[in-house]
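Student: Got a sequence here, can you build the structure:
(chains A, B and C)
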Amino acid sequence: MGDRSVLHTRARRALRHESVRTWAALTPAVTLVLTLFGGAVVLALVRSFGLLGTDPSARPSLDAYRRLLVDPEVGRSLLLTLHVAVVSSTLAVVLGIGAALLLRGLGRGRRLTTTLFQLNLPVPHVIGAVAILSLLGQSGLLSRAATRIGMIDEPASFPALVFDPYAIGIIVQYVWKEVPFVGIVALAILHSTGDDLEEAARTLGATSWQRLRHVTLPLLLPGVLSAAVIVFAFTFGTFEVPLLLGSSFPAVLPVLAHQRYTDVDLASRPEAMAISAVITLLVLAVVVAGTTLARRTVRQDAA
Amino acid sequence: MHTRIRGAIPLLLLALVSTACGAADATGDVTREGSSIDPGDWEDVLAAADGTTLDLYMWGGSAEINRFVDEVYGPRLSGFGITLNRVPLADTADAVNAVLAELEAGRTSGGAVDLIWINGENFATMRQADALLSGWAEQLPNAALVDWTDPAIAFDAGRPVDGAESPWGSAQFQFVYDTARTDPTQLPRSYAELADWIVDNPGRFTYPAPPAFHGTRFVKQWFYELAGGPDPWVDGFDEDAYVQAAAPLWDLLDDLRPHLWRGGETYPNDIADLDRLFANGEVDLTFTQLPAGIGANVDAGTLPPTARPFVFDTGAIADHHYLAIPVNAGDPAAAMVFADLVLEPELQAAKLDPANGWGDGLAIAIDRLDDGQATTLDTIVRGLGDTAVDQDRLAEVRLPDSLGEHTQALEHDWNRFIRQRRPRS
Amino acid sequence: MTAIDSRPTSSPAEVQGVGSGRRGSVRSVVVGTMLTLLLLPFVPLVLASLADGYFYPQVVPERWSTRAWAIVLDPDGRTWAALRDTVGIAVVVMIVSLVVAVPAGRVLGTRRFRGKRVIELLLLSPVLVPTIAVALGIHVVFLRLGLAGGVAGVVLVHLIPATPYVVLLSAGVFANAELELEAQARALGASWWQARRHVTLRLIAPGLAVAALFGFLISWGQYVLTLVIGGGRVVTLPILLFATASGGDAAVTAATALFHGLPAIVLLVATTRVLGGAGLATFGGAR
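Tutor: As a prediction, the model looks like this:
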């Protein structure tokens, strides 16, 4: 009886000790994220209600949000931003998975190919935007090549791929940057799970399409969906690429937020914060939806 | 491999309850270092400037000007123990916003911005907010070379300068065409002719989107031509009269839109973008503000060697551009040293000569220089050649800039009626 | 933790896929096209950086010139100062984020505890929330604290996106590492320090190197946070590149872009070569 209670106390002490160590290890990272990031998000929200501005006696209000609602640019800007994020992340995921499947099947030269495949992964987006502009602009390299071989005779005959209303240039830049990202994630998953399941499926007589549909893709799905969510969030919230490649009207939401923030009229700042808050909420909503979907799909496949 | 994203609602809640880091406290100490610098005691200014870094906030849309500032003024400032940090801006309004935001946050000294390249509406905005040091410009040693009795210098877009900014140079709005593509006899010589030219040459013309400086200038000159001249808009601003006078302009720009580059769906962000379109043959006209011409752009390869500037017979807005010190500047002494340095006759001459990379107009009066200095300037002007408009011609068509309120109204309305295509009610 | 790209090439799928006639050559063509598309955008940059008066319709420049590179590589120019600041900031961000994030990564990768999911989400959230919102939200506070416009403030905001990546990557590293070896070493008489140094560190070093690389690269390429918090006074390479791009000199812009991009590429390739691809497994596994 006494022995047991000693053991019990020891176990509890050990457990408590373990728990203290766990939280001690987490504290630095959690503190950093909570104060800097959490603080920033809360402040943006508070300022979007018109607080903490010039007037210390200001009462919280939804004026900034009301102004956004009646501003015709905001609606179009939201649609454009959604269009850019949805199309880029979808393309990046589809092409990224395809690339991973291709690369996995390579024999000789796979090491070199994989290295080349990931070359633009660390390249900053500003560079990508400058590069895409000099490649796809109406007087860019492709247009010049088309002129050389006689397909077109002036820049205006080349399709408008940058500064265009469909944001093609922006999307191409994102896809170019994110396909290797999704691809590497997918490759890593394929590698860590190995070929066993697919082998088993093959022995059981599954066709290559059936193996892809019922074995490989379900294996990839959770990890790739996480990557897709990251890509979506990123393409929804990035500022420098649309600034360099986007059309003058409408601008994407992050550009709009920055414009309002740097307006000479400081009264526009709550609007900038309101746009930031809206972007944040939208991204989080998509994240929740995406991950719920992913979990449900995984469960279904498991069942 | 277990770190997946699972639902984000708790995250948001956490973010909401987490404390905002010190937002409400700290209103900043209220000492005005700036006002303790007395430009009358120049030795004192030089001593205070020694060992500081000058944060010069200036529009960065010209590679040639940027290089000139770094390479010509940078080494000279080093001689005073000052390190030059040129901060490139997409729009001067960004610097105005930065200073106002600092002041709003209670940062009344030690601010980031020491000196701003400024004029017109941005100057007006900062004066209204009482955000500039004043009374210093006329006390600079080299202010003696500046003709402060000239209204073109003592007033900036109709607003008295009051020693709150010191002139750096002068500019005049001109068009640029390419002799290899366009016959000079076919060029438009007024906005009325330009409207026809745009229709006859679809897709071959565009302009930077206001509030980009060159875009605003282009639109304002058109306004002048339609409204019968600059006069009422230089001295005062009558909202109703403006709305009436501007209506034909918005109608016209709206009608011309489909004939612009890209069908007017998008506009270049800045003059650098327009120059790139022009150099690559996407459009047939671009602009310049340089009285001594585009020689520097040609040398740098941003414009083709066959590019030539010209002006409309109906006028070209000329103005001065200045340097202004925010009230909360961290290093106002260094800022004054720079503002004085740029007025040195040899540096004004260097800036005028496109061979040195700029081609900007003078801020100092030639009749206040000694003979040798005047001869140097004269030699430069006479050697300008084809890449500059004749200086007498520029003087003939000179128009004044309008009040800041007028400029802001034009930019505001252009944004609504032309960029966003909102209906006018 | 075997390398992705140095896996023994003996699986039946591959034997069938490669070298067996038509399907293999189709695959080679597709892979070749894909790589060409991925590398194509660098071509106009290289050409433009080495050209003078490189206007439409020139495909290959008519006049070659080293003018742009001379400007970019000028010892007194702005590029080297920007490189120094970029590297300095990125190294500090990398070190601080490792110190802060690796303990958290170890716990998240190896232990189960109550509230784990919430912590994971919290630590991941900065990757999901748009940087512009973070930048604008934090700017005024940094202004009041005197952190805006300085290197210290920029380092702090760079930690916001860098820390989550390092946490995630190191969590993956620890989850995959066979940490029971550490306990075995202790059982065999190794001291706590010896076990950590000779066993654990060996196990996790390659993965942590990748995590560190990502911390570095996130800071290296950061634009918005530096722009808003640095206020133009902190001129890193992305800031310099953007300013150059809006200055209109295409050759100098291209040269600056390459100057900014090449070190990142070299770092990545060098890291994956040295680690033999173990890093990539880490990278993917953490997501």
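Student: CA atoms for contacts and neighbours, from now on please.
Tutor: Noted.
Student: So residue A:22 lies in a helix, does it not?
Tutor: Yes: the assignment for residue A:22 is a helix, going by DSSP: H, G, I helix; E, B strand; the rest coil.
Student: Secondary structure element holding the spatially closest residue to it that is not a sequence neighbour?
Tutor: Using C-alpha to C-alpha, 6 or more residues apart in numbering or on different chains and skipping residues adjacent in sequence, the residue nearest residue A:22 is residue C:107, 6.1 Å away. Applying DSSP states H and E as the criterion places residue C:107 in helix C:78-110.
Student: what's the average pLDDT for that helix?
Tutor: In this model, helix C:78-110 has an average pLDDT of 95.
Student: Show me what that helix packs onto, helices and strands only.
Tutor: Secondary-structure packing of helix C:78-110 (3 or more C-alpha pairs under 8 Å, 6 or more residues apart in numbering or on different chains; DSSP states H and E): helix A:2-32, helix C:67-73, helix C:151-176, helix C:201-220, helix C:237-247.
Student: for the chain, what are the low-confidence residue spans?
Tutor: Using chain A here. A:1-4, A:53-56, A:298-303 (pLDDT under 70).
Student: not what I meant, chain B
Tutor: Counting by pLDDT under 70, chain B shows low-confidence ranges at B:1-36.
Student: buried stuff in the top helix by length along it?
Tutor: As assigned by DSSP state H, the longest helix anywhere in chain B is helix B:239-256. For helix B:239-256, burial by neighbour count (16 or more other C-alpha atoms under 10 Å in any protein chain shown) applies to B:242, B:245, B:246, B:249, B:250, B:253, B:254, B:256.
Student: for the residues you listed, which one is nearest chain A?
Tutor: Comparing the buried residues of helix B:239-256 against chain A with C-alpha to the nearest C-alpha places residue B:254 closest, at 15.0 Å.
Student: gap between the helix or strand hosting residue A:170 and the chain center?
Tutor: Here residue A:170 sits within helix A:168-193, counting by DSSP H and E. Relative to its parent chain, helix A:168-193 has a centroid offset of 11 Å by C-alpha atoms, centre = their mean, to the nearest Å.
Student: likewise stretch A:155-172?
Tutor: 22 Å.
Student: need the residues of chain C near chain B, please.
Tutor: Within chain C, the residues that sit near chain B (C-alpha under 8 Å from any C-alpha of the partner chain) are C:52-53, C:55-57, C:108-109, C:117-118, C:120-122, C:124-125, C:140-141, C:143-145, C:149, C:168, C:171-172, C:175-176, C:231-233, C:243-244, C:246-250, C:285-287.
Student: how does it look with 6 Å?
Tutor: By C-alpha under 6 Å from any C-alpha of the partner chain, the residues of chain C that approach chain B are C:53, C:55-56, C:121-122, C:141, C:144, C:172, C:232, C:246-249, C:285-286.
Student: cool, chain A as well?
Tutor: Applying C-alpha under 6 Å from any C-alpha, one finds that chain A approaches chain B through A:38, A:39, A:42, A:54, A:155, A:247, A:248, A:262, A:264, A:288, A:291.
Student: For the last one, the count of nearby residues, please.
Tutor: Just to be clear, that refers to residue A:291. 20 (other C-alpha atoms under 10 Å in any protein chain shown).
Student: Make sure it is indeed in a helix.
Tutor: Yes: secondary structure of residue A:291 (three-state DSSP): part of a helix.
Student: buried residues in the helix holding residue C:107?
Tutor: For helix C:78-110, burial by neighbour count (16+ other C-alpha under 10 Å) applies to C:78-80, C:82-83, C:85-94, C:96-98, C:100-110.
Student: same check, this time on stretch A:104-111
Tutor: So, applying 16+ other C-alpha under 10 Å, buried residues of stretch A:104-111: A:104, A:105, A:106, A:107, A:110, A:111.
Student: chain center to that stretch: distance?
Tutor: Counting by C-alpha atoms, centre = their mean, stretch A:104-111 is centred 28 Å from the centre of its parent chain.
Student: residue closest to the middle of chain C?
Tutor: Centroid-nearest residue in chain C, with C-alpha atoms, centre = their mean: residue C:217, separated by 3.0 Å.
Student: Could you check how far that residue is from chain A?
Tutor: 7 Å (C-alpha to the nearest C-alpha, to the nearest Å).
Student: Domain-wise, how is the chain divided?
Tutor: Chain wasn't specified; assuming chain A. A:1-48, A:63-302 (automatic domain parsing).
Student: That was the other one, I meant chain B.
Tutor: Taking automatic domain parsing as the criterion, chain B consists of the domains B:34-169+B:320-387, B:174-318+B:398-419.
Student: Need those domains in a markdown table (columns: distance to chain C).
Tutor: Converted to a markdown table, the domains of chain B look like this (distance: least, C-alpha to the nearest C-alpha, whole Å):
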| stretch | distance to chain C |
| --- | --- |
| domain B:34-169+B:320-387 | 4 |
| domain B:174-318+B:398-419 | 5 |
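Student: Quick one: closest of those domains to residue A:86.
Tutor: Smallest distance to residue A:86 across these (C-alpha to C-alpha): 22.9 Å, for domain B:174-318+B:398-419.
Student: ok now that closest one, how far from the chain's centre?
Tutor: Centre to centre, stretch against its chain (C-alpha atoms, centre = their mean), the figure for domain B:174-318+B:398-419 is 15 Å.
Student: Quickly check: it near chain A or not.
Tutor: Yes: Domain B:174-318+B:398-419 is in contact with chain A by C-alpha under 6 Å from any C-alpha, via B:266, B:267, B:282.
Student: Show me these that map onto helices.
Tutor: Using DSSP H, the subset of the residues of domain B:174-318+B:398-419 next to chain A located in helices is empty.
Student: Dump these into CSV; add neighbour count as well.
Tutor: Formatted as CSV, the residues of domain B:174-318+B:398-419 next to chain A follow (neighbours: other C-alpha atoms under 10 Å in any protein chain shown):
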residue, neighbour count
B:266, 22
B:267, 23
B:282, 22
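Student: which one of those sits closest to chain A?
Tutor: Chain A lies nearest to residue B:266 out of the residues of domain B:174-318+B:398-419 next to chain A, by C-alpha to the nearest C-alpha, at 5.0 Å.
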